[in-house]
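Prediction below, plus the sequence it came from.
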There are 2 protein chains.
Amino acid sequence: MVQKKVLKVALLGLGTVGTGVYKVLRNQETEMMHKLGCEVKIVKILVRNLEKAAKKVEDSSILTNDWESIVSDPQIDLVIELMGGLSPAKEYITQALEAGKHVVTANKDLVAVAGKELLDTAQEHKVDFLFEAAVAGGIPIIRPLKQCLAGNHITEVMGIVNGTTNFILTKMTQEGMEFQEALDLATELGYAEADPTADIEGLDAGRKVAILASVAFHSRVVFGDVAIEGITKITATDIRYAKEMGCTIKLLGVTRNTEDGIEAYVNPMLIPSDHPLASVNDSYNAVFVHGDAVEDAMFFGRGAGELPTASAVVGDVFDIARNIQFNCCTRISCTCYKDFPIKKMEDTYNSYYLRLQAEDRCGVLAELTKIFAENQVSISEIVQKKTRSNGLAEIVVITSRVREGDFQTAVKFIRELKRVEKISALLRVYQK
Amino acid sequence: MVQKKVLKVALLGLGTVGTGVYKVLRNQETEMMHKLGCEVKIVKILVRNLEKAAKKVEDSSILTNDWESIVSDPQIDLVIELMGGLSPAKEYITQALEAGKHVVTANKDLVAVAGKELLDTAQEHKVDFLFEAAVAGGIPIIRPLKQCLAGNHITEVMGIVNGTTNFILTKMTQEGMEFQEALDLATELGYAEADPTADIEGLDAGRKVAILASVAFHSRVVFGDVAIEGITKITATDIRYAKEMGCTIKLLGVTRNTEDGIEAYVNPMLIPSDHPLASVNDSYNAVFVHGDAVEDAMFFGRGAGELPTASAVVGDVFDIARNIQFNCCTRISCTCYKDFPIKKMEDTYNSYYLRLQAEDRCGVLAELTKIFAENQVSISEIVQKKTRSNGLAEIVVITSRVREGDFQTAVKFIRELKRVEKISALLRVYQK
């Protein structure tokens, strides 16, 4: 056992999560020696604006805007990267690893595209690279997958991994708001960023799905492999219709390890209202895991926020502190020892919800059902909702579990029907 | 890195969980080398009945009924104890640890009373002693508490940690069954054992609460410290009344780290029906954790069963395999470095539900409220349900959050009232 009494840490970034990490480490000061056998001390913080940052820390002499002074300091054992974005985060992390420093990050954008490269660099330099906070904030999920559930063949990981969109959908569901109104409220309350694109278009969730899939299936999945659709087209009408059918609409990230490859997608889906995920509301996140031994397990909690995300970061830092004490760094590093193909979205199987406006005349339903039949799409439910004042009937179709490609072909033909005015919504229905 | 290519394991017991571990290790055969850098091989299985056991394994030559042949075999690195009960499990585990063998167990009875002693013995002999499967079956909870959430001061752990009683209460809630009927069904379906005492009286849940409290609060809590009440007195009437008040009755294990000591108890409680635990049904378990950084987190899954429990056992075995490879055993051992007092149940604060039968005459309510007032018990709700055919009125009282001792004194006086025929139910109401 190496008796290192102080683990010296540099923090990159002092935004929301950075400030959280600073606070959590202070709150743990009296515990560390007992928990870890050493002290963890922030000795430098890289910030852009020294003056602004000075208000957030007790000793402003640890602030710097000079990365070189951190990476070249042999006293610094560990770097916590919380700047976000691809660059210069990637360069900084790479340089830190190459300098023999351990790295902890919450940067999902980066891990979802360059996880393998960074883990390889860490391995090469015999240091740890951990990223529990990159997925689902404070919720323990990476370590449970890599350790607690290591005795399983995981076949599915799915869940709600974006708090902003879950808040918006919750408001739409519970209070009948339309999308824009709910987004405005989320912005007002600080749940949505000034530019909400990454959240509402599903990109943020897609990054997390890529990371979860890689860890769960031991096979690399990157951001570009994930088929992504956001929630901007969801209307209060669809949420109401879903409710009438005993379902709730959630933005789900789904990844499955199937015989012919890995499926990975993010999109708004109908799930039965008695499914545990249906009652995960507001900005909460939850991840469902199915394994051949554990069956179903779910992990629920705060998917973002200052202290919850810092909880995950500090858990990683403490783990590395223990590894250093026991001289066993890289004990668990990259676990992608397989190389499965990624399935195209058109080859996945789902049940679908289609809402359209058509002329209210007999014959339309016959045309629709004919197109579906010709494309191997069997229908599970078809409801003519009502005739609108404009003389158009609203029709909702729920299909059985069918191939996406076949369904999309059918939809293409339906769009061309003269009597079909408009396809108002096309959603998937979650089925196990 | 120690290049040990085969980790040799002895299994003690080939009952439900033992058979599960056997299967899960076989299912992981092709994965192990990649995941762990070594193979994990069961080389001996201790059983009582060799003939019966022979039907469950491929190679019956690994079966033995001779413990000595296992503990004295220097080739065996790790012992998985799945016999259950205190003796001889404790002696076997102690001897194995003293012989330098790592031990994994699912034995909550033992860990809840002798956890510290066994962890100390392991530490002394520089071997690992892990018990993830002892709490909530397949659900990862011990490792998340010790690692992922290590940056938190955990203030509360509570949840549904017994599947049998949760199945019974679910049937009573959803189908209006009385306790005995639901217990009979649980027995018929294999959810309850022939002697269901440990489950229905809350003892099994109490053991898990002791272990969870010790791990979460870094301070030893043993089985005898937990105040325990089972579900045998719950009636369909109370479940119905609870529902009318927007609540569900669940057998909850609760432990809190408060300023004046640790609270630890198991009892049937009313929780709001919109609380995530209220929809954890059938034999599922779920554990809620509150920490100063992570806020609320919940872990949900199968709390028992062949393969789910084996999932947790094998997770521990794989962790030890990694520790052996990296020569870092005891990296995380006993984490009880504090010594908090245990609070008496009478000093805890809760809200209470009291149902009683009294003479249907004016004056009774006045007598009741006077006694409550004299004992510092303030009432939040009082409902006279109806007059029964026997001329007795049924009264339900919900108190505010009050001291248990004060409430129990009030109840003692109420019992003595001439006009009170019977106290039919006394339950606690979960409040954060």
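Yep, it's here.

And the one helix or strand in chain A whose mean pLDDT sits lowest, what does it pack against?
Least confident helix or strand, chain A: strand A:379-387 with a mean of 86, by mean pLDDT, DSSP states H and E. Strand A:379-387 sits against helix A:364-374, strand A:392-399, with contacts defined as 3 or more Cβ pairs under 8 Å, 6 or more residues apart in numbering or on different chains; DSSP states H and E. Yep, even glycine has a C-beta here, placed from its N, CA and C like the rest.

Sheet-wise, list the partners of it with their directions.
Strand pairing for strand A:379-387, determined by DSSP bridges: strand A:392-399 (antiparallel).

what does the partner strand rub up against?
Strand A:392-399 has contacts (Cβ atoms under 8 Å, 6 or more residues apart in numbering or on different chains) with A:241, A:245, A:351-360, A:364-365, A:368, A:372, A:377-388, A:407, A:421, A:424, A:429.

Quick one: buried ones out of these?
A:241, A:351-360, A:364, A:368, A:372, A:377, A:379, A:407, A:421, A:424, A:429 (16 or more other Cβ atoms under 10 Å in any protein chain shown).

Inside helices: which ones of the residues you listed?
Members of the buried ones among the contacts of strand A:392-399 lying in helices (criterion: DSSP state H): A:Y241, A:V364, A:L368, A:F372, A:F407.

out of the residues you listed, who's nearest chain B?
Chain B has its nearest neighbour among those in A:Y241, at 23.3 Å by Cβ to the nearest Cβ.

and the closest one, what does it touch?
A:Y241 neighbours (Cβ under 8 Å, 6+ apart): A:R355, A:K385, A:V396.

So which residues on the stretch 301-432 of chain A come close to chain B?
A:301-302, A:305, A:307-308, A:310-315, A:317-319, A:322-323, A:325-328, A:331-332, A:335, A:337-338 (Cβ under 8 Å from any Cβ of the partner chain).

And the residue of the stretch 101-250 of chain A that's closest to chain B?
Counting by Cβ to the nearest Cβ, the stretch 101-250 of chain A gets nearest chain B through A:G151, at 3.0 Å.

from memory that residue sits against B:D316, does it?
No: contact criterion Cβ atoms under 8 Å: A:G151 and B:D316 do not qualify, at 9.0 Å.

dump the residue contacts of the nearest residue to A:A106 once chain neighbours are set aside.
Leaving aside its sequence neighbours, A:A106 sits nearest to A:A133 (Cβ to Cβ, 6 or more residues apart in numbering or on different chains; 3.6 Å). Contacts for A:A133 (Cβ under 8 Å, 6+ apart) come out as A:V17, A:V104, A:T105, A:A106, A:T309, A:A310, A:A312, A:V313, A:D316.

who wins for most neighbours among the residues you listed?
Scoring the contacts of A:A133 on neighbours with other Cβ atoms under 10 Å in any protein chain shown, the highest-scoring entry is A:A312 at 35 neighbours.

Quickly note the distance from A:A242 to B:V24.
38 Å (Cβ to Cβ, to the nearest Å).

hmm, I was thinking of A:E404
34 Å.

Looking at those two, which one has more neighbours?
Taking other Cβ under 10 Å, A:E404 and B:V24 do not tie; B:V24 has more neighbours (27 against 20).

Phi and psi next, for that one.
Phi and psi for B:V24, reported as degrees, to the nearest 10, are phi -60, psi -40.

OK, contacts around the closest residue to A:T19 other than its chain neighbours?
Distances taken as Cβ to Cβ, 6+ apart put A:K56 closest to A:T19, at 5.7 Å, once the chain neighbours are dropped. Taking Cβ under 8 Å, 6+ apart, we find A:K56 in contact with A:L14, A:T19, A:Y22.

can you tell me the helix or strand for the last one?
Meaning A:Y22. helix A:16-27 (DSSP states H and E).

How about residues contacting that helix?
Residues contacting helix A:16-27 (Cβ under 8 Å, 6+ apart): A:9, A:11-12, A:14, A:40, A:42, A:45, A:56-57, A:80, A:82, A:106, A:133, A:305-307, A:309-311, A:313-314, A:317, B:151-153, B:292-293.

Repeat that for stretch A:304-313.
Contacts of stretch A:304-313 (Cβ under 8 Å, 6+ apart): A:16-17, A:19-21, A:23-24, A:80, A:82, A:104, A:106, A:132-133, A:137-140, A:163-164, A:283, A:285, A:301-302, B:148-149, B:151-152, B:291-295.

For the stretch 151-300 of chain A, which residues score under the pLDDT cut-off?
Of all residues in the stretch 151-300 of chain A, none has pLDDT under 70.

Is the most far-flung residue of chain A relative to its centre in a helix, a strand, or coil?
The outermost residue of chain A relative to its centre, with distances by Cα atoms, centre = their mean, is A:C362 at 45.0 Å. Classification of A:C362 by DSSP: H, G, I helix; E, B strand; the rest coil places it in coil.

what does the model give it for pLDDT?
The per-residue pLDDT reported for A:C362 equals 75.

residues in contact with A:D204?
A:K108, A:V161, A:N162, A:T164, A:A198.

quick one: which helix or strand includes it?
Using DSSP H and E, A:D204 falls in helix A:203-217.

and that helix, how far out from the chain's middle?
Taking the mean of its C-alpha atoms, helix A:203-217 sits 6 Å from the chain's own mean (Cα atoms, centre = their mean, to the nearest Å).

After that helix, which helix or strand is next?
strand A:227-228.

Return the list of strands paired to that following strand, each annotated with direction.
strand A:261-272 (parallel).

The partner strand vs helix A:203-217, what angle?
120 degrees (axes from the mean of the first three to the mean of the last three Cα atoms, to 10 degrees).

The host helix or strand of A:G159 and chain B, any residue contact?
Taking DSSP H and E as the definition, A:G159 sits inside strand A:154-160. No: if you take Cβ under 8 Å from any Cβ as the test, strand A:154-160 misses chain B, and the best it gets is 10.6 Å.

neighbouring contacts of that strand?
Against strand A:154-160 from outside (Cβ under 8 Å, 6+ apart): A:136, A:145, A:166, A:212-213, A:216-217, A:250-258, A:277, A:280, A:284-292, A:298, A:303, A:430, A:432.

Where does the closest residue to A:M158 other than its chain neighbours sit, in terms of helix or strand?
Leaving out its chain neighbours, the residue that sits closest to A:M158 by Cβ to Cβ, 6+ apart is A:V254, at 4.2 Å. For A:V254, the host element (DSSP H and E) is strand A:247-258.

Rebuild the helices and strands packed on strand A:379-387 as CSV, extending it with distance to B:I76.
Below are the helices and strands packed on strand A:379-387 laid out as CSV (distance: least, Cβ to Cβ, whole Å):
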stretch, distance to B:I76
helix A:364-374, 62
strand A:392-399, 56
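
Among the contacts of stretch A:304-313, which lie within helices?
Filtering the contacts of stretch A:304-313 for helices - DSSP H - leaves A:T16, A:V17, A:T19, A:G20, A:V21, A:K23, A:V24, A:G163, A:T164.

Give me the pLDDT for the fourth one.
The reference is to A:G20. pLDDT, A:G20: 97.

what sits against the residue in the stretch 301-432 of chain A positioned nearest to chain B?
Per Cβ to the nearest Cβ, A:V314 is where the stretch 301-432 of chain A lies closest to chain B, at 3.0 Å. Applying Cβ under 8 Å, 6+ apart, we find A:V314 in contact with A:V21, A:V24, A:L25, A:Q28, B:A150, B:G151, B:A293.
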